[in-house]
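K.L.:
Structure for the following, please:
(one chain, ligands or ions: 2)
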Amino acid sequence: MEFKHVAISKKTDYRNFPMVPRVIFGSGSFDQLGDILMPERRHSDAPFIFLVDDIFEEKELASRIPAIFNDQIIFISADEEPKTTQVDVLVQKIHNDFNELPSGIVGIGGGTLLDLAKAVSILLTNKGSSSDYQGWDLVNKPSIYHAGIPTISGTGAEVSRTTVLLGPEKKLGINSDHTTFDQVVLDPDLTQGVSKEQWFYTGMDCYIHCIESLNGTYLNAFSQSYGEKALELCKEVYLKDLSPNESREKLMMASWHGGMSIAYSQVGVAHAMSYGLSYLLGVKHGIGNCLVFQHLEEFYPKGVALFNKMRQKHGIEMPTGICANLSDCDFETIISVSMAMEPLWENALGQNWREIITAEKLESIYRKI
Ligand code: NAD
Ligand code: ZN
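P.N.:
Ligands and ions are numbered 1, 2, ... in the order given. Next up, the predicted model:
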């Protein structure tokens, strides 16, 4: 008897991720923004709303924003990380100010402004509060057009499919296919003027993304290819003596690759623990990661050694005593926020992570900070 060869199909369940469909890169590319936005203008009554870090208010960059017709420029402070209430107020303001939906939202700034732009563009078409959408794939309608223009490099927020918001109950991203930017403008000149400390802390976010992704159990060839490139670029930027131009360009691309690396993987211990710090004490993402990461030799020995080398080379003094005056109840809160980041722990330590990470273990690390 003869059998015919039949192909047996076995359905896989790999995630199908969106990527930023358009990106422009290069010194001075910001000045092409007007041309880039023109075809996206639905008509002259549908404005572009520019959400801009208020550090640029009355600065040269602000005068180069191509606002025409009834476009609006809204300056926003990045002193605090984005909150769901802040997103809701902005969305309400835009609905009140205009009879119809804007043509698009443009975020200009660091991770804070990029995340605000993403969230506002989603909430303009999805009803309710932004806190309703914190989580995975809860957004059902496409957002309006949104463009991101980073002015500091490291978070990878320019490529990611999330916008991290502090909500009433949790700090959690709106992770969705509609979150990713439609356009990104990478102009390394815009990162001039960042203080040395902030350059280090936000850049180290990228470095830590690489270490956590490359040492995680979720690692795969996709993440590895981006993570290795980003790590190589971070080493050049923070350990060699590049010209300022080259350094800005390379850190911008490191951020991009670092963000891509975690798309198909996860971050790890430093991020899980820094979320706790940020939730309870409002410690910002970049510095929070550094505060934790310096004490993680046990998990990332080589990564921490290199981190210390970079910190020393640039004379960065990290604050101390951050957790000195916390009550037992405070420790309970930050530990429970941190332990709730299950995918991060699982990526870092494998499925049996609970055997390694206990409340006592975390408290002993937090006490060093
Ligand atoms: P940021 O946006 O908070 O800005 C940090 C500081 O740098 C601010 O004081 C800001 O005014 C200043 N600054 C920015 N550009 C400047 C410039 N060109 N010159 C001078 N000063 C400048 O910093 P960040 O570290 O980029 O972003 C942190 C935020 O990003 C957090 O809210 C975090 O949750 C978020 N984040 C998001 C993702 C994501 O995938 N969506 C990933 C990582 C972090
Ligand atoms: Zn990060």
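
K.L.:
Roughly how far does Glu57 sit from ligand 1?
P.N.:
11 Å (CB to the nearest ligand atom, to the nearest Å). Any C-beta I mention is one placed from the backbone N, CA and C, and that applies to glycine too.

K.L.:
State whether Phe75 is indeed within a strand.
P.N.:
Yes. Counting by DSSP: H, G, I helix; E, B strand; the rest coil, Phe75 is found in a strand.

K.L.:
Isn't it up against Lys59?
P.N.:
No. Taking contacts as CB atoms under 8 Å, Phe75 lies outside contact range of Lys59: 10.3 Å.

K.L.:
Pick out whichever of the two has more residues nearby.
P.N.:
A count of neighbours by other CB atoms under 10 Å puts Phe75 above the other of Phe75 and Lys59, at 17 against 13.

K.L.:
Who are the contact partners of that one?
P.N.:
Val52, Asp53, Asp54, Phe56, Glu57, Ala62 (CB atoms under 8 Å, 6 or more residues apart in numbering).

K.L.:
bridging residues for it?
P.N.:
Applying DSSP bridges to Phe75 yields these beta-bridge partners: Val52.

K.L.:
With Leu186 instead?
P.N.:
Leu186 has these beta-bridge partners by DSSP bridges: Phe25.

K.L.:
Please give the number of neighbouring residues around it.
P.N.:
Leu186: 23 neighbours (other CB under 10 Å).

K.L.:
near ligand 1, which residues of the stretch 201-350 of the chain?
P.N.:
Thr202, Asp205, Lys284, His285, Gly286 (CB under 6 Å from any ligand atom).

K.L.:
re earlier: now restrict the contacts of Phe75 to buried residues only.
P.N.:
By neighbour count, with 16 or more other CB atoms under 10 Å, the contacts of Phe75 hold Val52, Asp53, Asp54, Phe56, Ala62 as buried.

K.L.:
quick revisit: of the residues of the stretch 201-350 of the chain next to ligand 1, grab the buried ones for PyMOL.
P.N.:
This is the PyMOL syntax for the buried subset of those, where burial follows 16+ other CB under 10 Å:
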select buried, resi 202+205+284+285+286
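
K.L.:
Serialize the residues of the stretch 201-350 of the chain next to ligand 1 to a markdown table and add fields for secondary structure.
P.N.:
Conversion of these to a markdown table gives the following (three-state DSSP):
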| residue | secondary structure |
| --- | --- |
| Thr202 | helix |
| Asp205 | helix |
| Lys284 | coil |
| His285 | helix |
| Gly286 | helix |
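
K.L.:
Nearest residue to Ile287 in space, please, no chain neighbours.
P.N.:
Leaving aside its sequence neighbours, Ile287 sits nearest to Tyr201 (CB to CB, 6 or more residues apart in numbering; 4.6 Å).

K.L.:
Is that neighbour in contact with Gly286, as I believe?
P.N.:
Yes. Between Tyr201 and Gly286 there is a contact under CB under 8 Å: 3.5 Å.

K.L.:
can you list residues touching both of these two?
P.N.:
Gly154.

K.L.:
Could you point out which of the residues of the stretch 201-350 of the chain next to ligand 1 is nearest to Thr358?
P.N.:
Nearest to Thr358 among these: His285, at 25.2 Å, using CB to CB.

K.L.:
hang on, that closest one packs against Pro82?
P.N.:
No. With contact defined as CB under 8 Å, His285 does not reach Pro82; the gap is 10.7 Å.
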